[in-house]
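K.L.:
From the sequence below, what's the structure:
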Amino acid sequence: MLHHIITRAREHAVPAKELIILRTSVRQRAHEAFMH
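P.N.:
Residues are numbered from 1 along each chain as shown. Reported below is the predicted structural model:
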């Protein structure tokens, strides 16, 4: 039971990290577009 929760948490941790990276990259791109 505990192992299942850990594996599921690990599966959700990666997309969350990618989402944060995506959000920051989009924000940087929007900032660059606004500056130019």
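K.L.:
going forward, measure contacts and count neighbours with C-alpha atoms only.
P.N.:
OK.
K.L.:
so where's this protein uncertain?
P.N.:
By pLDDT under 70, the low-scoring segments of the chain are 1.
K.L.:
Could I get the full set of strands for the chain?
P.N.:
Taking DSSP state E, the chain contains no strands at all.
K.L.:
Grab the most central residue of it for me.
P.N.:
What sits nearest the mean C-alpha location of the chain, by C-alpha atoms, centre = their mean, is residue 19, with 2.1 Å.
K.L.:
Next, work out how far apart that residue and residue 35 are.
P.N.:
Note on residue 19: its distance to residue 35, by C-alpha to C-alpha, to the nearest Å, is 24 Å.
K.L.:
Neighbours of residue 6, how many?
P.N.:
As a burial measure, residue 6 scores 11 neighbours (other C-alpha atoms under 10 Å).
K.L.:
Could you measure from it over to residue 33?
P.N.:
The gap separating residue 6 from residue 33 is 41 Å, by C-alpha to C-alpha.
K.L.:
Same question for residue 22.
P.N.:
The value you get for residue 22 to residue 33, if C-alpha to C-alpha is used, is 16 Å.
K.L.:
Those two: which has the busier surroundings?
P.N.:
When neighbours are counted by other C-alpha under 10 Å, residue 22 and residue 33 differ, and residue 22 comes out ahead with 12 against 9.
K.L.:
measure the more buried one to residue 3 for me?
P.N.:
Residue 22 is 29 Å from residue 3, by C-alpha to C-alpha.
K.L.:
Residue 23 too?
P.N.:
30 Å.
K.L.:
higher neighbour count, those two?
P.N.:
A direct count of neighbours by other C-alpha under 10 Å for residue 23 and residue 3 places residue 23 higher, at 12 against 8.
K.L.:
Show me the helices in this structure, by range?
P.N.:
Per DSSP state H, the chain carries helices over the ranges 2-35.
K.L.:
State the number of residues packed around residue 5.
P.N.:
Neighbour number of residue 5 under other C-alpha under 10 Å is 10.
K.L.:
if I look at it, how far off is residue 13?
P.N.:
12 Å.
K.L.:
Likewise for residue 21?
P.N.:
13 Å.
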